[in-house]
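Engineer: pasting the sequence and the predicted coordinates here, then a few questions.
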Amino acid sequence: MTGLVRSELLKSFSTRMAWGMPLAQFILAAVFAAITGAFLLFVEMPGADGQLVPGRELFDDTVLTRMIYTGGLQVGYLLAMVLGILTMGSEYRHKTLTATFLASPRRGRVVASKIVALSIVVVLNGLAHVLGAVVGGGIPLLIAGVPLFPEPLDLGTVLLRLLLVLVLWGLMGLGLGVLLPNQVVALFVGVAFAFLVEPLLSLGITFVDALADAARFFPSQASTAALSVFEGIDPAAAQTMGFNPDQLSWWVASLTLLVYAAVMTVIGWVLTARRDVT
């Protein structure tokens, strides 16, 4: 098993993706954190009395830094999902899966090694994302005179949960990559679902009373809830910013994502074990 994991890691680290994806995570996290920070710290928003006040007067320092450092969450989990899709999609695209199974006929062990290797790679990419978020978000925080880590334990826990969220999205991508062997189709479906289908579906079901609460269990909203992004924020302020203030607790949201990842991983495991490859 150790040899298989080492082999999968070698596949990951021997391509340009090994440095390209962490670089993308760093840059995009920095950009989105900086933009989020500039918006929250310097743009005026309606206060409780209807008066326009800077965002930093509406939220305490811990809430501000939490929201800023997680500003690139959506692009972060999207890239993690892409990594998961490519883990299997590249095998189908380059016709290397047959050789992999010939070298290790026990397909379950191969899938398990891919899961372990992917988790390691996503964590490394996640660390690049966290570093970029702290660097990019730290600039507007320093300009505004807000401490970078007002509550180190709270923020540290949130950033650790961010790594967990990215890993779970990577595993969802792995399952999708097996479900749709065509790499281009899998990428298109995954990106379209995360950026277009799910947000529109979430918006649509809010108009149906019987289904309104179901949107909280969608992957993107569960990801936000898992990081407690809006904890401590006035519900009215959250709605003003366009977010649903009625979020799941962080542990329920994490379990929800875990279920999604487990289902997609099991689907990938079963299909890989039974599908003919050439």
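Structural biologist: Happy to help now that I have it.
Engineer: make it CA atoms for all contacts and neighbour counts henceforth
Structural biologist: OK.
Engineer: now do the contacts for the nearest residue to residue 76 once chain neighbours are set aside.
Structural biologist: Computed as C-alpha to C-alpha, 6 or more residues apart in numbering, the closest residue to residue 76 that is not its neighbour in sequence is residue 25, at 6.4 Å. Contact criterion C-alpha atoms under 8 Å, 6 or more residues apart in numbering gives 76, 79, 125, 126, 128, 129, 132 as the residues in contact with residue 25.
Engineer: buried subset of those residues?
Structural biologist: 76, 79, 125, 126, 128, 129, 132 (16 or more other C-alpha atoms under 10 Å).
Engineer: just flag the most distant two among the residues you listed.
Structural biologist: In terms of C-alpha to C-alpha, the buried ones among the contacts of residue 25 reach their longest pairwise distance at 79 and 132, which sit 14.3 Å apart.
Engineer: on that earlier part again, how far away from the center of its chain is the host helix or strand of the residue nearest to residue 76?
Structural biologist: Secondary structure from DSSP states H and E places residue 25 in helix 17-42. The offset between the C-alpha centroid of helix 17-42 and the centroid of the whole chain comes to 13 Å, using C-alpha atoms, centre = their mean, to the nearest Å.
Engineer: kindly report the same for stretch 13-21.
Structural biologist: Using C-alpha atoms, centre = their mean, the offset of stretch 13-21 from its chain centre is 19 Å.
Engineer: now it: buried residues?
Structural biologist: Counting neighbours by 16+ other C-alpha under 10 Å, stretch 13-21 gives 18, 21 as buried.
Engineer: start to end distance for that stretch?
Structural biologist: Start-to-end span of stretch 13-21 (C-alpha to C-alpha, to the nearest Å) is 11 Å.
Engineer: got the contact list for that stretch?
Structural biologist: The contact list for stretch 13-21, computed with C-alpha under 8 Å, 6+ apart, reads 12, 79, 125.
Engineer: you'd agree residue 265 is in a helix?
Structural biologist: Yes. The assignment for residue 265 (DSSP: H, G, I helix; E, B strand; the rest coil) places it in a helix.
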